[in-house]
Every structure is written in structure tokens, then in C-alpha cells.
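Student: 3D model of this:
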Amino acid sequence: MVKPLPVVLRGRGGSMWPALRFGDYLLLAQEKDFRIGHIIVFRQRNLTIAHRLWRRIPSGGGALFYTKGDAHFRGDPVVRKSRVLGVIVARIRNGKYQKMDSCGRRWSGLLMACIIPVIVGSYQAVKDLCGIPAKTTRRAEQLEGADLSGSSSYYLPARLF
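Tutor: Take a look at the predicted model:
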């Protein structure tokens, strides 16, 4: 049974692209059972991060989770169940509500998380080989000076928790 928390979050970052984008509004819910493919929200290095659950390992002191941003090549450090705040069950983008916790969404998200890093890496390699300079985007200018603590993760403002 999903129990929504009384908060809608607004995220930042690009690690969960295209599932979650900069500025999406996210509905967080508490669940007892976290399933592979869920986008879980957890605390790590003084940040509140939303990444996809890839692997769950039972342990004596609670489960251990392996997570990864969809657009990342590598996974995150292991996350203990005690650090998990909840699961993203829906997003609102451009005024449209979309469920995020259905079986189809979870598995298509896992598939995209395998494909996106390869596409992004190939695109960057071609740009580097051709000597195409990186352009500054409006979003990069907005984030310039923001303390992201060296993280490229999709994160949520900690003051909401």
C-alpha cells in the first residue's frame, strides 16, 4: 500500500534524464517494499538524491540498495535502507501528471538507463574528436555559483526534509 507524504518536490540535475528533468515536480511516497526499477529518494553526502534502484541485497541490519542515475555510466555507492526517504510515484511536467511506479515504467526506465549512457558517451566522443567546443546553456548559467557539492546527481533541496 502506497502512503503519499504531504510534500511535492521539485528536482534539479540531469542524471535521471529523460525520466526526470530539471524542474519536474515529483510526488514522493513511503513504501515498505522497494522494487527493482523504482526511483528511490535517499540521503547521501548531505544531498537528497533520486536515482533508480538496480539491485537489492538483504542484510542483517536492513537491506542494501545499489542505485544509479539513468544517464550515468556507473552506479552510486551502496545505500542502506535506513537512508531511503521514499519512492517517486508520479511526476508533473508541463502541467501533466504521469505515474512513475507502474511495472511498465520501471522496466522501460531500466532499459533507458542502459541505453542513455552509451548514446551520451558516443555523442561526447564525436564532439571531442571533431573539436566542437561545449556551449554554455541558459541552465548552466543559472546553476553557475550554485553549490552542487561536486555532484551531477538528480537531487532535491534538503530543506524540504
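Student: Backbone dihedrals for Val126, please?
Tutor: With angles defined as degrees, to the nearest 10, Val126 shows backbone torsions of phi -60, psi -40.
Student: can you pull the contacts of it?
Tutor: With contact set as CB atoms under 8 Å, 6 or more residues apart in numbering, Val126 has no partners. For glycine as for every other residue, the C-beta is placed from the backbone atoms N, C-alpha and C.
Student: Let me see the confidence value for it.
Tutor: Residue-level confidence at Val126 comes out at 75, pLDDT.
Student: and Asp101, how far is that from Val41?
Tutor: For Asp101, the distance to Val41 (CB to CB, to the nearest Å) stands at 13 Å.
Student: Mind listing the shared neighbours of those two?
Tutor: Here Asp101 and Val41 share the contacting residues 87-88, scored by CB under 8 Å, 6+ apart.
Student: what does stretch 76-85 rub up against?
Tutor: Residues lying outside stretch 76-85 but in contact with it, judged by CB under 8 Å, 6+ apart, are 28, 30, 34, 40-44, 48-49, 51, 61-69, 153, 161.
Student: Can you flag the buried ones in those?
Tutor: Of the members of these, the ones counted as buried by neighbours, 16 or more other CB atoms under 10 Å, are 28, 34, 40-44, 48-49, 51, 65-69, 153.
Student: quick one: least confident of the residues you listed?
Tutor: Among the buried ones among the contacts of stretch 76-85, Ser153 carries the weakest pLDDT, at 61.
Student: Tell me which two of the buried ones among the contacts of stretch 76-85 sit farthest apart.
Tutor: The most widely separated members of the buried ones among the contacts of stretch 76-85, counting by CB to CB, are Leu28 and Tyr66 (20.4 Å).
Student: Tell me which helix or strand in this structure has the weakest average pLDDT.
Tutor: Ranking every helix and strand in the chain by mean pLDDT, DSSP states H and E puts helix 138-143 at the bottom, with a mean of 46.
Student: buried residues in stretch 90-97?
Tutor: 90-91.
Student: Between its first and last residues, what's the separation in that stretch?
Tutor: For stretch 90-97, the first and last residues are 7 Å from each other (CA to CA, to the nearest Å).
Student: Stretch 37-48 too?
Tutor: Distance between the two ends of stretch 37-48: 18 Å, counting by CA to CA.
Student: What is the distance between it and the centre of its chain?
Tutor: In terms of CA atoms, centre = their mean, to the nearest Å, the centre of stretch 37-48 is found 8 Å from the chain centre.
Student: same check, this time on stretch 104-114
Tutor: 13 Å.
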